[in-house]
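J.: fold the stuff below for me.
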Amino acid sequence: MKNAFNTITGWISDITDLLSKLLVLGIIIGILFNDFFGVIGGIGAVMAQFGDAGLAGLLALVLIVTWYNK
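T.: Next up, the predicted model:
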């Protein structure tokens, strides 16, 4: 059972690592080629949603960052 959890955790970690690298690549491409894929606009929209939520949005953002850093 532990082996299964370790395998699934490893997969999730690999997928998260890949997605974060793709996000960085999308941001770099967006800066160089005038946001061709809309990544920078999408990040701005997500940040605007957190900002519109006020204190609750700020707390949610802090929790997400804390969980990601673990």
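
J.: flag the shaky bits of this structure, pLDDT-wise.
T.: Within the chain, the set of residues satisfying pLDDT under 70 comprises 70.

J.: please repeat the previous calculation with a cut-off of 90.
T.: 1-5, 13, 16, 34-40, 43-44, 46-70 (pLDDT under 90).

J.: can you give me the helices for it?
T.: With DSSP state H, the ranges of helices along the chain come out as 2-32, 39-52, 55-69.

J.: list the buried residues in the first one.
T.: It refers to helix 2-32. 26, 30 (16 or more other Cβ atoms under 10 Å). From N, CA and C alone the C-beta is placed, and that goes for glycine too.

J.: so which elements touch that helix?
T.: Under the contact criterion of 3 or more Cβ pairs under 8 Å, 6 or more residues apart in numbering; DSSP states H and E, helix 2-32 touches helix 39-52.

J.: pull the residues that contact the helix it packs on.
T.: Helix 39-52 is contacted from outside by 23, 26, 27, 29, 30, 31, 35, 57, 58, 60, 61, using Cβ atoms under 8 Å, 6 or more residues apart in numbering.

J.: please export the C-alpha coordinates of that helix as CSV.
T.: Provided in CSV are the C-alpha atoms of helix 39-52 (Å, rounded to 0.1, in the frame of the first residue of the first chain):
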residue,chain,number,x,y,z
VAL,A,39,-0.5,32.8,-20.8
ILE,A,40,0.3,36.2,-19.4
GLY,A,41,-3.4,37.3,-19.8
GLY,A,42,-4.6,34.2,-18.1
ILE,A,43,-2.2,34.7,-15.1
GLY,A,44,-3.5,38.3,-14.9
ALA,A,45,-7.1,37.1,-14.9
VAL,A,46,-6.4,34.6,-12.1
MET,A,47,-4.6,37.3,-10.0
ALA,A,48,-7.5,39.7,-10.6
GLN,A,49,-9.9,37.1,-9.2
PHE,A,50,-7.7,36.7,-6.1
GLY,A,51,-7.6,40.5,-5.8
ASP,A,52,-11.4,40.9,-6.2
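
J.: what angle separates that helix from helix 55-69?
T.: If you take axes from the mean of the first three to the mean of the last three Cα atoms, to 10 degrees, helix 39-52 sits at 130 degrees to helix 55-69.
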